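K.L.:
what would the 3D arrangement of this be:
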Amino acid sequence: MIRQFIDFLMSFGPWGLFVHAMIDAIIFPVPALFLQIPLSLLNPSSALWLATVGFIGCLLGTPVGYWIGKTLGDKVLYKWLKKSWVDSATGMFQKNGEAAILIGSFTPIPFKVFTILSGALHFPLWRLMLYAAVGRAAKFYVVGALFYFYGQAAEHMVGDVSKYMLLIGVPLVALFLFLRARSRKKRAAKEAEAAETAESIPASTGESAMEQAKTTPLPLSKDEPFRQEA
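P.N.:
From the prediction side, this is the model:
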């Protein structure tokens with residue numbers, strides 16, 4: 001039945017891919033790659049256009065999957081999986097949610113897993129959209145570029161594209177997270193140093209002002225000289 005539905009979408013060309021990519025981010029179990037490839041085979045010169053259509057459809061479907069996860073995600077997760085698995089995955093996702101989305105967005109795994117899980121775990125939507133845009137653009141356009149430049153011969157290359165993207169993408173994601181953590185650590189250290197400096201300046205200024213007040217005689221009023229002569 002799923003195969004028949006994909007064939008039905010294929011009959012609509014780019015619009016079918018648009019719908020497939022959108023529902024891939026919401027609920028459909030088959031990744032949009034399985035429709036992008038046969039459509040690109042039919043007309044390799046339009047492969048980049050197909051990649052753009054699929055990319056836009058995925059981005060439009062992402063907030064819908066997120067909303068489903070945010071409203072029904074906990075019920076779905078705990079209904080389908082063991083509680084211990086969900087609790088463990090929740091802890092891992094909260095610590096490394098960015099890595100999970102970035103890596104998952106260009107693998108053959110249906111993207112709905114990540115959109116629904118992001119909503120269920122209340123991951124910020126703007127971050128999900130940002131990382132989805134980066135990861136899904138890489139996936140759609142790498143496949144599209146292969147067909148655009150190599151034509152139908154790219155069919156034999158696509159089988160390994162996810163593997164190579166993982167081999168390249170995982171180190172890049174790890175490097176990105178490392179550099180970001182390092183940048184945040186440096187920024188936090190600078191902010192702490194600035195706070196300590198701000199606290200020390202008023203204290204020293206106040207002490208010097210008090211010492212100066214003790215050693216400096218008070219000015220005489222207008223009537224003071226007459227009192228002294230009297």
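K.L.:
got any ranges where this protein has weak pLDDT?
P.N.:
74, 77, 80-82, 84-92, 94-98, 103-110, 159-174, 176-177, 201-230 (pLDDT under 70).
K.L.:
try it again at 50.
P.N.:
226-230 (pLDDT under 50).
K.L.:
quick one: the helices in this protein?
P.N.:
2-10, 14-24, 33-42, 47-80, 83-104, 112-120, 125-150, 155-158, 161-215, 224-229 (DSSP state H).
K.L.:
any buried residues in the fourth one, and which?
P.N.:
Translated: helix 47-80. 47-48, 50-55, 57-59, 61-70, 73, 77 (16 or more other CB atoms under 10 Å). Where you see a C-beta, it was placed from the backbone N, CA and C, and this is true even at glycine.
K.L.:
give me the helices and strands touching it, please.
P.N.:
helix 14-24, helix 33-42, helix 112-120, helix 125-150 (3 or more CB pairs under 8 Å, 6 or more residues apart in numbering; DSSP states H and E).
K.L.:
out of those helices, which is the most enclosed?
P.N.:
Comparing the helices and strands packed on helix 47-80 by mean neighbour count (mean count of other CB atoms under 10 Å), helix 112-120 ranks first with a mean of 25.
K.L.:
counting contacts, what elements does that one pack onto?
P.N.:
Helix 112-120 packs on helix 47-80, helix 83-104, helix 125-150, going by 3+ CB pairs under 8 Å, 6+ apart.
K.L.:
now do that helix against helix 47-80, angle only.
P.N.:
Between helix 112-120 and helix 47-80, the angle comes out at 60 degrees (axes from the mean of the first three to the mean of the last three CA atoms, to 10 degrees).
K.L.:
which residues touch helix 112-120?
P.N.:
For helix 112-120, the external contacting residues (CB atoms under 8 Å, 6 or more residues apart in numbering) are 24-29, 61-62, 64-71, 73-74, 76-77, 89, 93, 97, 100-101, 104-105, 123, 125, 128, 132.
K.L.:
what would the helices and strands packed on helix 47-80 look like in JSON lines with distance to residue 192?
P.N.:
Converted to JSON lines, the helices and strands packed on helix 47-80 look like this (distance: least, CB to CB, whole Å):
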{"stretch": "helix 14-24", "distance to residue 192": "45"}
{"stretch": "helix 33-42", "distance to residue 192": "47"}
{"stretch": "helix 112-120", "distance to residue 192": "32"}
{"stretch": "helix 125-150", "distance to residue 192": "26"}
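K.L.:
these: which one's closest to residue 189?
P.N.:
Minimum separation from residue 189 across the helices and strands packed on helix 47-80 (CB to CB) falls at helix 125-150, 24.1 Å.
K.L.:
angle of that closest one against helix 33-42?
P.N.:
Going by the same axes, to 10 degrees, helix 125-150 makes 30 degrees with helix 33-42.
K.L.:
thought residue 37 was touching residue 152?
P.N.:
No - counting by CB atoms under 8 Å, residue 37 does not reach residue 152; the two are 10.7 Å apart.
K.L.:
could the helices and strands packed on helix 112-120 go into TSV alongside distance to residue 180?
P.N.:
Listed next are the helices and strands packed on helix 112-120 as TSV, based on distance: least, CB to CB, whole Å:
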stretch	distance to residue 180
helix 47-80	22
helix 83-104	8
helix 125-150	12
